[in-house]
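Novice: with the sequence up front, the predicted model follows.
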Amino acid sequence: MSIHPTAIVSPGAVIPESCTVGPYCTVGPHVVLGEACELVSHVVLDGYTTFGARNKIYPFACLGVAPQDLKYAGEPTGAAFGDDNTIREYVTISRGTAAGSGITRMGSGCLIMAYVHVGHDSSIGNGCILANAATLAGHVVVEDYATVGALCPVHQFCRIGRYSFIGGGTTITQDVLPYSLTCAERNNHAYGLNKVGLQRRGFTPEQLRELGTAMRALIGGKRNTTQALEVIHEMLAQGGGEHVRYLAEFVEASERGAIR
């Protein structure tokens with residue numbers, strides 16, 4: 001393996017020969033790296049933290065570090081990362097807490113840009129993008145293929161629905177509808193379907209049409225949430241697809257309420 005002589009690697013760390021550990025990195029005793037991971041330089045890895053294959057971590061990122069939670073008393077918690085993630089400069093990702101799930105999770109194929117913070121016990125799915133200085137408080141869930149724009153603070157226990165797009169500088173205090181566009185410039189409201197993003201992910205014209213109709217029921221007109229769900233369930237009774245069904249289930253399961 002390639003470990004720079006200035007790096008400090010604890011004896012208990014598991015590092016395959018295919019990995020690269022650059023200058024001035026610090027790797028804790030309970031860290032496990034997958035194949036072909038690269039720590040560019042000045043990276044800190046701590047806690048019971050595991051990585052899949054081919055993750056690339058840029059300078060001054062701190063992953064699996066102690067949570068910013070006054071109740072944390074040094075319990076053996078950790079973080080888990082999938083494959084093929086890119087984690088850029090100055091990213092901080094805290095490990096879990098005993099009062100939470102005990103682990104902070106990230107799936108595969110994510111791009112985490114500079115200065116992002118991911119709080120303890122959060123969960124990020126596959127293919128997500130967190131732009132520069134996005135900030136997730138503890139216990140946040142970001143579902144697959146969601147994008148959180150630059151300088152977006154996300155409140156504790158919020159859920160970011162899959163395939164959604166949040167514009168830069170938007171403060172999130174409630175759940176974000178899957179498949180939606182949400183933006184501060186529209187008074188922190190969902191204002192439409194993330195059509196371009198869905199097309200790039202291979203959604204068919206029929207799926208886009210169904211989702212567009214369901215989204216208009218939720219965010220257009222003067223219907224309340226119950227009335228909008230009635231419209232969507234009528235669509236489902238007439239053969240609406242799996243994505244429309246998931247949209248309805250997301251709204252029905254929301255504990256903080258969804259941004260409309």
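Specialist: Looks like it arrived, so ask away.

Novice: where does the chain have low pLDDT?
Specialist: Low-confidence regions of the chain, defined here as pLDDT under 70, cover residues 186-188.

Novice: residue nearest the centroid of it?
Specialist: Central residue check for the chain by C-alpha atoms, centre = their mean: the C-alpha nearest the mean position is that of Ile124, 3.1 Å away.

Novice: touching, that residue and Gly109? I think so.
Specialist: No. Proximity of Ile124 to Gly109 does not meet the contact threshold set by C-beta atoms under 8 Å, at 10.8 Å. All C-beta atoms are positioned from the backbone trio N, CA, C, and that covers glycine.

Novice: circling back to that earlier point, dig out what the residue nearest to the centre of the chain forms beta bridges with.
Specialist: Here Ile124 shows beta-bridge partners Met106, Val142, assigned using DSSP bridges.

Novice: list the contacts for it?
Specialist: With C-beta atoms under 8 Å, 6 or more residues apart in numbering as the criterion, the residues that contact Ile124 are Arg105, Met106, Gly107, Cys110, Val118, Leu130, Val142.

Novice: how near is the fourth one to Arg209?
Specialist: Which is Cys110. Computed with C-beta to C-beta, to the nearest Å, the distance linking Cys110 and Arg209 is 30 Å.

Novice: and those two? which has more neighbours close in?
Specialist: For Cys110 and Arg209, the more surrounded residue by other C-beta atoms under 10 Å is Cys110, and the numbers stand at 24 against 12.

Novice: the more buried one contacts Ala134, doesn't it?
Specialist: No. Here Cys110 lies out of contact with Ala134, judged by C-beta under 8 Å, at a distance of 11.9 Å.

Novice: how is Glu249 assigned, secondary-structure-wise?
Specialist: Of the three states, Glu249 takes helix under DSSP: H, G, I helix; E, B strand; the rest coil.

Novice: apologies, that question was intended for Glu234.
Specialist: Using three-state DSSP, the secondary structure recorded for Glu234 is helix.

Novice: can you tell me how far it is from Val244?
Specialist: Summarising the geometry, the distance separating Glu234 from Val244, computed by C-beta to C-beta, is 11 Å.

Novice: so for the two, which residue has more residues nearby?
Specialist: In this view Glu234 and Val244 are compared by other C-beta under 10 Å, and Val244 has more residues nearby, 22 against 11.

Novice: export only the CA atoms of the strand or helix carrying the more buried one, formatted as CSV.
Specialist: Element membership for Val244, per DSSP states H and E: helix 242-253. Provided in CSV are the C-alpha atoms of helix 242-253 (Å, rounded to 0.1, in the frame of the first residue of the first chain):
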residue,chain,number,x,y,z
GLU,A,242,-45.1,3.5,-8.5
HIS,A,243,-43.6,7.0,-8.3
VAL,A,244,-47.0,8.6,-7.7
ARG,A,245,-47.7,6.0,-5.1
TYR,A,246,-44.4,6.8,-3.4
LEU,A,247,-45.2,10.5,-3.4
ALA,A,248,-48.5,9.9,-1.6
GLU,A,249,-46.8,7.6,0.9
PHE,A,250,-44.1,10.2,1.6
VAL,A,251,-46.7,12.9,2.4
GLU,A,252,-48.8,10.6,4.5
ALA,A,253,-45.7,9.5,6.5
